[in-house]
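In: Quick one, what's the 3D model for this:
(2 chains)
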Number of protein chains: 2
Amino acid sequence: MQAKKKDFSEWYNEILESAELSDKRYPVKGMNVWLPYGLKAMNLIDAATRQYNEEAEIEEVGFPVLITRNQLEVEFEHLKGFEGQLYWVTRTGKEQLDIELSLRPTSESAIYPMFSLWIRNHADLPKKVFQICSVYRYETKHTRSFLRMREFRFYEAHTAHADFQDAEKQITAYMEIWSKLNSLFQIPSVINRRPDWDKFPGAQYSLAVDSIMPDGRTLQVATMHQYGENFSRTYDIKYTDLNGEQRYVSQTTYGMSERLLGALIGIHGDDKGLIFPPDIAPVQVIVVPIPTEKADVNAYSKKIHDILKSAGLRVKLDLRDNYTPGWKYNYWEMKGVPARIEVGEREVQGNTLTISVRGIKGKKTYDLMNLEESVKKSLKEHFSSLSERSGKVLKENVKEAKTLEEMKGQAAYFAYWCGKRECSDKIEAATEKPCLGVSVSHPGKGKCIVCKESGDRSMFSRTY
Amino acid sequence: MQAKKKDFSEWYNEILESAELSDKRYPVKGMNVWLPYGLKAMNLIDAATRQYNEEAEIEEVGFPVLITRNQLEVEFEHLKGFEGQLYWVTRTGKEQLDIELSLRPTSESAIYPMFSLWIRNHADLPKKVFQICSVYRYETKHTRSFLRMREFRFYEAHTAHADFQDAEKQITAYMEIWSKLNSLFQIPSVINRRPDWDKFPGAQYSLAVDSIMPDGRTLQVATMHQYGENFSRTYDIKYTDLNGEQRYVSQTTYGMSERLLGALIGIHGDDKGLIFPPDIAPVQVIVVPIPTEKADVNAYSKKIHDILKSAGLRVKLDLRDNYTPGWKYNYWEMKGVPARIEVGEREVQGNTLTISVRGIKGKKTYDLMNLEESVKKSLKEHFSSLSERSGKVLKENVKEAKTLEEMKGQAAYFAYWCGKRECSDKIEAATEKPCLGVSVSHPGKGKCIVCKESGDRSMFSRTY
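Out: Below you'll find the predicted structure:
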């Protein structure tokens, strides 16, 4: 396998293929097949997303994939942002449709006409829903598994509130959901408020979670948009307030996608392959017997497997007899399994087990009596070391710059910026790094790196 | 609400609307919005489906929704079966596509080109995958929530085997999955082998699970198809066997859909509304405090709620102060919640709780000490009574007929049939009930009801 540090991009392509996460040979370009191992990881991400949304009282709904041209044309600015990327259904069987139907590129125009039916008075507010679905965007740029696809898995929350202040609270609630998710993922990331010219079509402002990739480029993995009344005025979403007056709702949205999986892979993996955080690992523990004639290693391994399985762990037993234990070690390391249990003659006779943790050197031997406890301890060790490495990526790949010259390296940079496009254009021209906006997660005040007027700590980097 | 026995169809429409399972006002005809309560039930059905597939070692995959015209045209018989119902994407942005793309009506033509890449030799077999997705069929008949939609939730398993015998074993394995699922659902049903003229396009034979609805019509809720080599020859799915020879695989498929939810609603509900089996109920227990000034019923109710929640039950506490307890009882009965806990002054002072079980008359009082146990016991009572009623529906609505005259009632009928289309056409002409095929679940031999030649017990009924 390619060394990750040497050529991250090549490494990413290779590991995706070896680990069998998705198959890009499907006959429609830019649309991949989810293979069982990759889909399992994505389903675990979705399960965590569902849980934290439920805790935040955002309810799951499911909207149709098709949106009429009429629905789309309601909000012109929004449509304009996606127009070139829409897939259009124009025929059913052999009949031309009177009203063409688009595959959803995102669901504002699907959901908001229903909000307008559902919301009548103040008791209906706040209205908070989310869905997990596939969306469709005809990307003209080079496509790439999980990072830029024409069909991709999407999470989108949409909320409506009595006023702007209540909608602002929702943006804070979204950041809390992100923070809970990232306590599982450990993705090194910065939250930035996008410059006005780069906000989502139809938004008053957009916050984005930019994850820091090992090559110093950033990858946008989540966005939160404040819509204010921009959509409620065009989609006619009104309620009767306590004084009997009709008012437009204020709206927000939160989006994430399968890019999260791409970020997890890119950030945590190493030269041996994938490294999954325990909560997202499709297989958390692999049990590998070391064949010997002196002990029944298979039966002992099976026992270990069964105990861990009934303890609710995702455990697998590799009994294949056409591969050596060494080959299996490499294979499951490549697949990113957090803990490996080796069972040989010594273990069976001593009633012990030997555990190796992915990403940590050495092995430890435990008593079989403490099986569940030892494995859980190992998963914690795994998570701590992964978390520590992730913190290092953030430190090493995000640098503070005082001059444009300092911003020319292979990293993402914080610099003070006055907010004017003129200045950020100069920065981009000199460094090839566009402005990602003022940092919300790492705020600070200082003089603009270009014009020296007062500014905010802002982020600049090349992006995926 | 309409009496269910008097007008089942009207009752079904009404309960769907009151219980807020889905919203049919979405601007694209035949495509509904999943509302939180309905989606939760469907997700629980899907979760059970995932579990039993995993136990049967069928792995979850995810295929793109779009299929090229070339992929579809490989298997002519199969395409012919769906041709009139396809949604065609012909344009992206403003550009016409060179090769038109169809929204999947089912995924044979999406999956089998990949099988042809994945399967190389005998070690790759059997290959067993499934996906849960939405499919698209432009129905020209009247659409109906969960029963006949243009976009609907679909489960499809696809397997490839070294030979026909191994594929036959898979059909048996499918019936075991169905049996596990139906031990949760308790849908009164019969498995029939469809007549040749009614089998799935491309199948050698088709088995169908026909559920018996309260009005004596049947609803097909699951199908299992033996493809033999029909698709492997056209999609070129070959493997090298142990002798080094190239052979075509034998294939099977198993399909189910959101119709399962429609069947559950239609079969178990009563004049008060829905009745969900405990495993599929979005809310299993509702706690309703009865306001009084003499005791803190809300705090006591909250305590009950929290204990049950941490025991893993799906429990909800109805603290709304603008509705009376009586109104809430009716509301949650209508929503099909299996158990209701009432908390009044008497309960708080006696440290007890009063449980009503949906579909069973009377109430029982338990000691708070035995909370979890009492609730679980109540859910079991609920399930037994639901299961008993379901058995009655099967008995009352499926009748054995010896003459065509006997088959004219409002029920489904078993009759012996020789297998000739001529005879089943005569039966249909006389009774308006088409032939669903020879019964696999209720086999028997006798003389054909029409020509008196030897025949098999077969089913005839009007269908949804």
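In: Give me the local confidence score for the closest residue to chain B within the stretch 301-450 of chain A.
Out: Among the residues of the stretch 301-450 of chain A, A:Asn322 lies closest to chain B, at 8.5 Å counting by Cβ to the nearest Cβ. No exception for glycine: its C-beta is placed from N, CA and C like everyone else's. pLDDT for A:Asn322: 92.
In: That one is in what secondary structure piece?
Out: A:Asn322 belongs to no helix or strand when elements are defined using DSSP states H and E.
In: Double-check A:Glu168 against A:Gln226; I have them as touching.
Out: Yes. A:Glu168 is within contact range of A:Gln226, at 7.0 Å (criterion: Cβ atoms under 8 Å).
In: Compare neighbour counts for the two and give me the winner.
Out: Just comparing A:Glu168 and A:Gln226: by other Cβ atoms under 10 Å in any protein chain shown the higher neighbour count belongs to A:Gln226, 21 against 15.
In: Just the CA atoms of the helix or strand where the more buried one lies, as PDB, please.
Out: Per DSSP H and E: A:Gln226 is located in strand A:218-228. C-alpha atoms of strand A:218-228 as PDB (Å, rounded to 0.1, in the frame of the first residue of the first chain):
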ATOM      1  CA  THR A 218     -10.100  20.700   4.400                       C
ATOM      2  CA  LEU A 219     -13.200  18.700   3.700                       C
ATOM      3  CA  GLN A 220     -16.600  20.300   4.500                       C
ATOM      4  CA  VAL A 221     -18.500  17.500   6.400                       C
ATOM      5  CA  ALA A 222     -21.500  19.400   7.900                       C
ATOM      6  CA  THR A 223     -23.400  22.600   7.300                       C
ATOM      7  CA  MET A 224     -26.000  24.500   9.300                       C
ATOM      8  CA  HIS A 225     -28.000  27.300   7.700                       C
ATOM      9  CA  GLN A 226     -30.100  30.100   9.100                       C
ATOM     10  CA  TYR A 227     -32.800  30.800   6.600                       C
ATOM     11  CA  GLY A 228     -34.700  33.400   8.500                       C
END
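In: moving C-terminal of that strand, what's the next helix or strand?
Out: Next helix or strand after strand A:218-228 toward the C-terminus (DSSP H and E): helix A:230-235.
In: Could you report the neighbour count for A:Ala281?
Out: Neighbours of A:Ala281 (other Cβ under 10 Å): 23.
In: scratch that, A:Leu72 is what I was asking about
Out: Around A:Leu72 there are 22 residues (other Cβ under 10 Å).
In: separation between it and A:Asp270?
Out: From A:Leu72 over to A:Asp270 the distance is 45 Å, taken as Cβ to Cβ, to the nearest Å.
In: Check A:Leu260 too.
Out: 19 Å.
In: go on, A:Asp166?
Out: 45 Å.
In: Which one's more surrounded, these two?
Out: More neighbours surround A:Asp270 than the other of A:Asp166 and A:Asp270, with 19 against 16 (other Cβ under 10 Å).
In: Am I right that the more buried one is in contact with A:Gly359?
Out: Yes. Using Cβ under 8 Å, A:Asp270 is in contact with A:Gly359, at 6.8 Å.
In: interface residues of the stretch 51-200 of chain A facing chain B?
Out: Taking Cβ under 8 Å from any Cβ of the partner chain as the contact definition, the stretch 51-200 of chain A meets chain B at A:59-68, A:70-71, A:83-94, A:101, A:103, A:110, A:113-114, A:117, A:129, A:134, A:138, A:151.
In: Among those, name the buried ones.
Out: The neighbour-count test (16 or more other Cβ atoms under 10 Å in any protein chain shown) marks A:59-68, A:71, A:85-92, A:101, A:103, A:110, A:113-114, A:129, A:134, A:138, A:151 as buried among these.
In: now do the same end-to-end measure for stretch A:445-457.
Out: 6 Å (Cα to Cα, to the nearest Å).
In: outside of that stretch, which residues touch it?
Out: The contact list for stretch A:445-457 (Cβ atoms under 8 Å, 6 or more residues apart in numbering or on different chains) reads A:401-404, A:414-420, A:422-423, A:426-427, A:438-439, A:442-444.
In: for that stretch, which positions count as buried?
Out: A:Gly446, A:Cys448, A:Ile449, A:Val450, A:Gly455, A:Asp456, A:Arg457.
In: Among the buried ones among the residues of the stretch 51-200 of chain A next to chain B, which ones are in helices?
Out: Among those, the members found in helices (DSSP state H) are A:Gln71, A:Ala110, A:Pro113, A:Met114.
In: Check those against A:Ile304 and report the nearest one.
Out: A:Ala110 (48.8 Å; Cβ to Cβ).
In: how about the nearest residue to A:Phe146 once chain neighbours are set aside, secondary structure?
Out: If the residues on either side of it in the chain are set aside, A:Phe146 comes closest to A:Gly262, at 3.3 Å by Cβ to Cβ, 6 or more residues apart in numbering or on different chains. Classification of A:Gly262 using DSSP: H, G, I helix; E, B strand; the rest coil returns helix.
In: gap between A:Gly262 and chain B?
Out: Distance of A:Gly262 to chain B, computed by Cβ to the nearest Cβ, to the nearest Å: 16 Å.
In: That residue contacts A:Leu147, correct?
Out: Yes. Between A:Gly262 and A:Leu147 there is a contact at 4.7 Å, judged by Cβ under 8 Å.
In: Comparing those two, which residue is more hemmed in?
Out: More neighbours surround A:Gly262 than the other of A:Gly262 and A:Leu147, with 25 against 21 (other Cβ under 10 Å).
In: who are the neighbours in contact with that one?
Out: Contacts for A:Gly262 (Cβ under 8 Å, 6+ apart) come out as A:Ser145, A:Phe146, A:Leu147, A:Leu219.
In: Now with 7 Å, please.
Out: A:Phe146, A:Leu147, A:Leu219 (Cβ atoms under 7 Å, 6 or more residues apart in numbering or on different chains).
In: Ok, A:Leu181 next?
Out: With Cβ under 7 Å, 6+ apart, A:Leu181 has these contacts: A:Ala48, A:Thr49, A:Tyr52.
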